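Student: take this sequence and fold it.
(2 chains)
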Amino acid sequence: MKKNFAGKVWKFGDCIDSGNIKGVMAGIDPEFHTKVRPGDLIVAGINFGMGSSAEDAPRSLRDAGVAAILAESISNIYLRTLINLGLPAIECSGISAIVEEGHELEVDLEAGRARNLTTGNSRTFAPFSDHAIAILEKGGLIPYLKSSVAKDR
Amino acid sequence: MGMTITEKICARAAGKDRVRPGDMIDAEIDKLYIKDLRFSKAEDPKGLYGLFKEILKEMGIHKAWDADKVVINFDEQPARSMRRLEGQASAKQFSQEHGATLYQGYEGGIGHNVMVEKGHVKPGEFIVGADSHSCTYGALGCFATGIGFTETVGVLATGRIWLKVPPAIYVELAGKRPSWIWGKDIVLRIMAEFGPNGAVNKTIEYGGNALSDISIESRLSMCNMAVESLALNAVFPPDERAIEYVKQVSNTAFTPVESDPDAEYESRLRFDLTDMEPFVAAPGVPSNGQPVHEFIGTKINQAFIGTCSNSRIEDLRVAANILKGKTVHPGVRMIVTPASYAAYFQAREEGLLQIFEKSKVLLTASECGICTRPSLATEEVCISSGNRNFPGRMGHRDAQIYLGSPATVAASALAGEIVDPREFLPS
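Tutor: So this is what the prediction gives:
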């Protein structure tokens, strides 16, 4: 996983529950899976991923190649699950106001900064903990656990 | 500066003297709940047990971290798909090979209620569950939150999770609770005050003079809804009523913890329950609550009492009290799904099931049921005692789900439209 990356933005609204994220945002846009490209970013409003803890929803975004999710707020289970799957999930206040769909957004996980390359506007977010970075670097919790045990031996 | 209940439990689980909100901790788990669905191959082609076996092999160990602390429940009986059925078979195999406790058949029901009724939830514990409504358990003075599939595999292997200690919101319940107000009314009112984003990743801690008069069932319902406010957890102080309840269902020791008088809260809210009106949430998100008079006359096609939120014995008594001697409106399907088989048999004992039958209620087995399975066609309207009213949650995306207390659901089922339950309560 790269700690600094840029991608094209797809923008969604507030309060999208995991049931509607399932199948690559199928509940909101049944055709989205044909539009999204690997490396693209999702920007959403408040409460992204609220509701069920079922992991088919976050996995569908990872499997579609989405590089990161940035939202005003993200449900705790959903945020943890995305990181455990190796996909950065970022709570970034004010992000919706500085990007429109199709803009290029650059994300720096260690610095805690998201910058709109199309307009130059940027927003900051709480930098990731070392633990979360370690999990992301291994590509998720399962590979992280496997490697941490191998290291302990 | 003192600590809150949640901070004390987090500190103890992390082996520290004290923690502050924002601290990253590595916490040792006291209990892990897993529902049968997580063992199916719905989320990962290897299934939970398959993936766990893979990790065990890599780690060179043979057993789960502590199978005595793992509880599994079948939330759907009988299984209605091959995938679910195979998941249940895998769960049984896991339970046999690792020694985890498994509830099924008449021992089971809806997992979160089974966990509580079978004495697996105790004050002071640090509990995680592989289901978002695991926050329910906070009603008994413990820390409890939901985790995802991958994290569940991690907990099985290590018995630990990383966590950022949450800041707390103190919710004071004051005044005298009217007899027609239950936990669901109170929590819908509080959630409306929070707004959809008000408690994100925080602790909701309840307190105040009105607390002692709130039943365990109502507390469970209120903590169940914490995740719908995007809170990490909700907790009631382990008062006399809670401790009495836990002693009835469990004979093992526990250590209750209370918040210090000088504990720090990020914010405080106060709600006076005196003269409170029943509350209903409009379709969309559960924080869409308003007093019931805003919705009077809304025609309904379905009325549902069920789910881990509100289908316990108190709820069944309230509904039967309203339905007794009357018949559900001919335009309405009323469905009652008891919280557990224990609640089901208790209701039979008390004659409640017979009341439901005579009122033409469709009574189902105890399971998650139509909270997660489609039952609403396009543009149908349901009033539910459940916890979620998201578009498409119970069937078609254009169907409408209102949330209310079991009293509001039962009274509306008789009228064929949303009504104020106070007019239907026998005096």
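Student: which helix or strand contains B:A319?
Tutor: helix B:313-323 (DSSP states H and E).
Student: elements contacting that helix?
Tutor: If you count contacts as 3 or more CB pairs under 8 Å, 6 or more residues apart in numbering or on different chains; DSSP states H and E, helix B:313-323 packs onto helix B:216-224, strand B:302-305, helix B:341-349, helix B:352-358, helix B:406-415. Yep, even glycine has a C-beta here, placed from its N, CA and C like the rest.
Student: how about 7 Å then?
Tutor: Counting contacts by 3 or more CB pairs under 7 Å, 6 or more residues apart in numbering or on different chains; DSSP states H and E, helix B:313-323 packs against helix B:341-349, helix B:352-358, helix B:406-415.
Student: pick the most buried one from those.
Tutor: Ranked by mean neighbour count, the helices and strands packed on helix B:313-323 are led by helix B:406-415 with a mean of 29 (mean count of other CB atoms under 10 Å in any protein chain shown).
Student: find the residue at the geometric middle of chain A.
Tutor: A:I69 (2.2 Å; CA atoms, centre = their mean).
Student: looks to me like that residue is in a helix.
Tutor: No. Inclusion of A:I69 in a helix is not indicated when DSSP: H, G, I helix; E, B strand; the rest coil is applied; the result is strand.
Student: how near is A:F48 to B:A282?
Tutor: 21 Å (CB to CB, to the nearest Å).
Student: higher neighbour count, these two?
Tutor: Ranked by neighbour count (other CB atoms under 10 Å in any protein chain shown), A:F48 and B:A282 place A:F48 first, with 28 against 19.
Student: show me the contacts for A:G19.
Tutor: With contact set as CB atoms under 7 Å, 6 or more residues apart in numbering or on different chains, A:G19 has these partners: A:G27, A:G51, A:S52, B:F390, B:G392, B:R393.
Student: how's chain B carved up into domains?
Tutor: Following automatic domain parsing, one gets these domains for chain B: B:5-270, B:279-421.
Student: okay if I get the ones you listed as a markdown table plus distance to B:S427 and mean pLDDT?
Tutor: What follows is these, written out as a markdown table (distance: least, CB to CB, whole Å; pLDDT from 0 to 100):
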| stretch | distance to B:S427 | mean pLDDT |
| --- | --- | --- |
| domain B:5-270 | 11 | 96 |
| domain B:279-421 | 11 | 97 |
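Student: so what's the gap between whichever strand in chain A runs longest and the chain middle?
Tutor: Scanning chain A for the longest strand, with DSSP state E as the assignment, gives strand A:4-11. Relative to the chain's own centre, strand A:4-11 is displaced by 10 Å; criterion: CA atoms, centre = their mean, to the nearest Å.
Student: buried sites along it?
Tutor: A:F5, A:A6, A:G7, A:K8, A:V9, A:W10, A:K11 (16 or more other CB atoms under 10 Å in any protein chain shown).
Student: mind listing what the nearest residue to B:T145 once chain neighbours are set aside touches?
Tutor: Counting by CB to CB, 6 or more residues apart in numbering or on different chains, B:T145 lies nearest to B:N233, which is 4.9 Å off, once chain neighbours are set aside. Shown in contact with B:N233 (CB under 7 Å, 6+ apart): B:T6, B:C135, B:G138, B:F143, B:A144, B:T145, B:T203, B:A226.
Student: what about 8 Å?
Tutor: B:T6, B:C135, B:G138, B:F143, B:A144, B:T145, B:P166, B:T203, B:I204, B:C223, B:A226 (CB atoms under 8 Å, 6 or more residues apart in numbering or on different chains).
Student: the second one and B:L230 touch, don't they?
Tutor: No. With contacts counted by CB atoms under 8 Å, B:C135 stays clear of B:L230, the gap being 10.8 Å.
Student: before we move on, back to that, tell me the two of the contacts of B:N233 that are most distant?
Tutor: Across those, no pair lies farther apart than B:P166 and B:C223, at 14.4 Å, counting by CB to CB.
Student: which one of those two has more residues nearby?
Tutor: Per other CB under 10 Å, whichever of B:P166 and B:C223 has more neighbours is B:C223, with 30 against 25.
Student: so how far is B:H133 from the more buried one?
Tutor: Distance from B:C223 to B:H133, by CB to CB: 9 Å.
Student: B:H98 touches B:H62, doesn't it?
Tutor: No. Counting by CB under 8 Å, B:H98 does not reach B:H62; the two are 9.2 Å apart.
Student: which of the two has more neighbours?
Tutor: The neighbour count for B:H98 versus B:H62, taken as other CB under 10 Å, is higher for B:H98 (19 against 10).
Student: residues in contact with the more buried one?
Tutor: Applying CB under 8 Å, 6+ apart, the residues near B:H98 are B:K63, B:A64, B:A67, B:V70.
Student: skipping adjacent residues, who's closest to the last one in space?
Tutor: Translated: B:V70. B:A100 (3.9 Å).
Student: over to B:E264?
Tutor: B:M1 (5.5 Å).
Student: ok, now which ones touch the one you found?
Tutor: B:M1 touches B:D262, B:A263, B:E264, counting by CB under 8 Å, 6+ apart.
Student: from these, which would you call buried?
Tutor: Here, 16+ other CB under 10 Å leaves B:A263, B:E264 buried among the contacts of B:M1.
Student: if you count neighbours, what's buried in stretch B:32-52?
Tutor: Buried residues in stretch B:32-52, counted by 16+ other CB under 10 Å: B:32-44, B:47-49, B:51-52.
Student: in the stretch 101-250 of chain B, what residue lies closest to chain A?
Tutor: Residue of the stretch 101-250 of chain B nearest chain A, by CB to the nearest CB: B:G148 (3.6 Å).
Student: run a quick neighbour tally on that residue.
Tutor: 30.
Student: excluding residues flanking it in the chain, which one is nearest it?
Tutor: A:T81 (3.6 Å).
Student: contacting residues for that neighbour?
Tutor: A:S53, A:E55, A:P58, B:G148, B:F149, B:T150, B:E151.
Student: could you do A:A134 as well?
Tutor: For A:A134, the contacting residues are A:Y144, by CB under 8 Å, 6+ apart.
Student: ok, it to chain B distance?
Tutor: 10 Å (CB to the nearest CB, to the nearest Å).
Student: over to A:I142?
Tutor: 6 Å.
Student: what helix or strand is that residue on?
Tutor: helix A:141-152.
Student: right, I'll leave it there.
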